[in-house]
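>>> Sharing a model prediction with you, sequence too.
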Amino acid sequence: MPARRLDEVVARFGGNLAGNGNLLISGIATLEGAGPEDLSFLTNPKYRNQLAGTRAAAVILAPDALPACPVPAIVTANPYLYFARVAGWLHEAKRPDVAIHPSANVARDAVIGRNVVIEAHCSIGEGAVIGDDSWLHANVSVYAGCRIGARAIIHSGAVIGSDGFGFARESDGSWVKIPQTGRVIIGDDVEIGANTTIDRGALEDTVIEDGVKLDNQIQVAHNVRIGAHTAMAGCVGVAGSAAIGRRCTVGGGAVILGHLTLADDVNVSAGTLVGKSIPTPGTYTGTVPFLEHREWLKNFARLRHLEAMADKIRALETRLAELEKRS
Amino acid sequence: MPARRLDEVVARFGGNLAGNGNLLISGIATLEGAGPEDLSFLTNPKYRNQLAGTRAAAVILAPDALPACPVPAIVTANPYLYFARVAGWLHEAKRPDVAIHPSANVARDAVIGRNVVIEAHCSIGEGAVIGDDSWLHANVSVYAGCRIGARAIIHSGAVIGSDGFGFARESDGSWVKIPQTGRVIIGDDVEIGANTTIDRGALEDTVIEDGVKLDNQIQVAHNVRIGAHTAMAGCVGVAGSAAIGRRCTVGGGAVILGHLTLADDVNVSAGTLVGKSIPTPGTYTGTVPFLEHREWLKNFARLRHLEAMADKIRALETRLAELEKRS
Amino acid sequence: MPARRLDEVVARFGGNLAGNGNLLISGIATLEGAGPEDLSFLTNPKYRNQLAGTRAAAVILAPDALPACPVPAIVTANPYLYFARVAGWLHEAKRPDVAIHPSANVARDAVIGRNVVIEAHCSIGEGAVIGDDSWLHANVSVYAGCRIGARAIIHSGAVIGSDGFGFARESDGSWVKIPQTGRVIIGDDVEIGANTTIDRGALEDTVIEDGVKLDNQIQVAHNVRIGAHTAMAGCVGVAGSAAIGRRCTVGGGAVILGHLTLADDVNVSAGTLVGKSIPTPGTYTGTVPFLEHREWLKNFARLRHLEAMADKIRALETRLAELEKRS
């Protein structure tokens, strides 16, 4: 990475320079880890006490932190976003030299865009389409007919277009498979994490809109639609035909049941089971606190008896009202 | 797909024809998505209002929906099952031309049945057995000695026969690995989803019986037995030595702990943690509702104090009984 | 496996021999499954009633079980650990003949130790390091720059070093990717389960210390540190920058949120969401019991109204105190 002058950074990304703009920076690092050629950043007030001791060349920070900063600074209203932009510029990801690795298995009629990287042991099915500048890491499987937009990043072990889980039951309890004839359609600028799976639709398509970011080990069932710029953390499960709005965030390990709708700008907390539609933007949570195991045993056994507790309270209220009337 | 006459469908699959049997159909589609050459279906009362506006050639439906149907219909007691059978007939899955892809790594002594498809980058270990007509999608790993029955469908990234998680603890806290010398034995007509993992047994075998359907990203630990025709939705985890009955269903994200038994015909709801055996058929649930985040903060903190609440109710009952005696 | 004399076992692993040391054993099996040439073991009191009927040559057991044992025995304080050691000796895992499978894609500058096995369709990125005696099963992906210590066992589908999930948000809701420039550093004697994913750090490294055992389908986010000899069961999710102590155990399906700390020797129960730091060793649980579905409906709806229940109890206490004062 070539060294950059601090005023070159400010000229490119904005913000106010406080201090010497001639300084050279050649990397980005945390306040604790930074050396004298690194640009650092303060985005979390929790780390503010590290400011005094930093060895960084300069720090990206919000106006209120400037007085406490012992070195030159770039002052901006959103230091985290500023840091992201600068880091992306300084550390552009190094792409492999070989565009399509010879061990990748790409169907003859698949349509591969310009400047696409397909790493070792990927498999691209018949009629699949991969947009320009996309990058598939090793061991990605894309089934027949699926479409991936431009600038996708897909991590190892991800599976796009496997059959949705659709079966009808015979009277003897055995299952008849329903052919999954839809596709997976993925927009532009989507990132998909390692070992994430996205099933093809049953009759219509599973749709991932532009700018969606999916972490590792997420399961997206058939006929789901995920709105633009929604982000999901690791291990989320989304059941069939759920329609999730735009700019939503879903915390790790959350489960969204099928055939329901989430409005735009809904935030689901980690570990929450979403069992009905959410028509209103906001943050929604449904998890239980943990306790030391013996405390948990005593308290949580009560969950089987909440109705009885409510009945007892009602009975007390009736008896007390009776006494009060009499006294 | 060749066009079929409606009366040909009824001759093959039964049901009562209401309307013109000469109609030609060439596909299956939802009520909303169907065009004039499609057969559609009404299986969920929620979509009944779409019946009036459908452009479908004909609709598969239950007797009570017939009066509201503006086009020819096939009347049957179980429209969903009927739809599944017709769809499977019309859309028979297109298998790759090459039976065993040259990039697949199949151990010399593995036994591969007739008409098996093994796609790119699969790995089949020593002594493994794959039954007739089975289809392994790209990037499936089958470890040594595992047996898969006939007509299996195994999706990309699935791993069959990895070591179970078995360790004994030394007094210093370090772990001694217990060799996992059992196998995975899978019956006929089993479907296994993308990135699902099934561990080999520790001494005896992990067993998946006939007709079991496993969705994506399911984890089945060592020495588990899953009874015939049981179906599990995505992201389920089954811990070691659990014995699950026949014809069970397990909802997405549920966790079944180890060394316990589920009777036949048990249904476990999505997100439920099964911490003890279930000896009786039925539906079992253990999840918490979600709330707007501030409401959740106020309510769920109480979970740490349920025992105290019960104590207070008891104290109130005692004091009130005392007052009642006196008055 | 060659036959071994019972006294040879005792000479090697200790314990007290009760009975004929000349006996030959050629395998290890459960009490129920053992034949006359098998060594068996009793580690779980639940199976003690199987002792009388066993056909095993001999049994590893604790002193209190000896009187009930009808065959020769090896008496030891920790039969499970003893069994693990003997089993590991008798059943040494058979390694493939080919060290690095020709289909594996190993970057030219990767450093591969002595006696390493890399199975089919693995991918080892630039500058990665794999320690002596490690074994990577088929379809493992190791990204550039990651380091794996000696004697690792990594199961199929595992992904080491994929990008962490790091994005900053633009004002329009879209996301700016933060380059993930750290690595994954894995110590010695680590086992990693099938389809487990470990993300590289954002600026610093993700660290897995010596002797850690990870089961299948675990997700470890960027910048996590897992202390030596910690073991995690299947489907656990660990969010970014969590610091987990040494010798911890984490049950299946648990979720550990980000930026928090677990002390050494913490045990987290299966299915528990850890939402704050745990500074004290012990066992911690936060799961709800399951109920027959109709019972669940009645009881768990109350969870939305716990605060109201607490208010009612408080009101009853006030009214009752008032009455008591008067009477």
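Now that the structure is in, tell me what you want to look at. Numbering: from 1, shown residues only, chains lettered A, B, ... in the order given.
>>> mind showing which ranges of chain A have poor pLDDT?
Scanning chain A with the threshold set as pLDDT under 70 gives A:1.
>>> Please parse it into its domains.
Residue ranges for the domains of chain A, per automatic domain parsing: A:4-90, A:105-284, A:293-326.
>>> Not counting sequence-adjacent ones, nearest residue to whichever residue of the stretch 151-300 of chain A sits closest to chain B?
In the stretch 151-300 of chain A, the residue that lies nearest chain B is residue A:286 (3.0 Å; C-beta to the nearest C-beta). Bear in mind the C-beta positions are built from the backbone N, C-alpha and C, glycine included. Leaving aside its chain neighbours, residue A:286 sits nearest to residue B:290 (3.0 Å; criterion: C-beta to C-beta, 6 or more residues apart in numbering or on different chains).
>>> Switch the domains of chain A over to TSV; also include mean neighbour count and distance to chain C.
TSV is the format used below for the domains of chain A (neighbours: other C-beta atoms under 10 Å in any protein chain shown; distance: least, C-beta to the nearest C-beta, whole Å):
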stretch	mean neighbour count	distance to chain C
domain A:4-90	18	4
domain A:105-284	23	4
domain A:293-326	16	4
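>>> Run through the residues of the stretch 101-250 of chain A sitting next to chain B.
A:103, A:105, A:121, A:123, A:139, A:141, A:143, A:157, A:159, A:162-163, A:165-170, A:172-179, A:181, A:195, A:197, A:199, A:203-204, A:217, A:219, A:221, A:235, A:237, A:239 (C-beta under 8 Å from any C-beta of the partner chain).
>>> Quick one: closest of the domains of chain A to residue B:7.
Residue B:7 sits nearest to domain A:105-284 of all the domains of chain A, at 22.1 Å, using C-beta to C-beta.
>>> In CSV: the domains of chain A, plus distance to residue C:297.
Below are those laid out as CSV (distance: least, C-beta to C-beta, whole Å):
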stretch, distance to residue C:297
domain A:4-90, 42
domain A:105-284, 12
domain A:293-326, 10
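>>> closest to residue C:327 out of those domains?
Across these, closest to residue C:327 is domain A:293-326 (C-beta to C-beta), at 8.8 Å.
>>> quick check, that closest one touching chain B?
Yes: using C-beta under 8 Å from any C-beta, domain A:293-326 reaches chain B at A:295, A:298-300, A:302-303, A:309, A:312-313, A:316, A:319-320, A:323, A:326.
>>> Okay, helices next: where are they in chain A?
For chain A, the helices defined by DSSP state H occupy A:6-13, A:79-90, A:293-300, A:306-326.
>>> Turn those into TSV, including distance to residue B:81.
Shown next, in TSV, are these (distance: least, C-beta to C-beta, whole Å):
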stretch	distance to residue B:81
helix A:6-13	60
helix A:79-90	52
helix A:293-300	41
helix A:306-326	37
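>>> Between these, which one is closest to residue B:134.
Across these, residue B:134 has its closest neighbour in helix A:293-300 (44.7 Å, C-beta to C-beta).
>>> can you list contacts of that closest one?
A:288, A:290-291, B:303-307, C:269, C:282-289 (C-beta atoms under 8 Å, 6 or more residues apart in numbering or on different chains).
>>> Run the angle between that helix and helix B:306-326 for me.
Interaxial angle, helix A:293-300 versus helix B:306-326 (axes from the mean of the first three to the mean of the last three C-alpha atoms, to 10 degrees): 50 degrees.
>>> Distance from helix A:293-300 to the middle of the chain?
Taking C-alpha atoms, centre = their mean, to the nearest Å, the mean C-alpha location of helix A:293-300 is offset from the chain mean by 33 Å.
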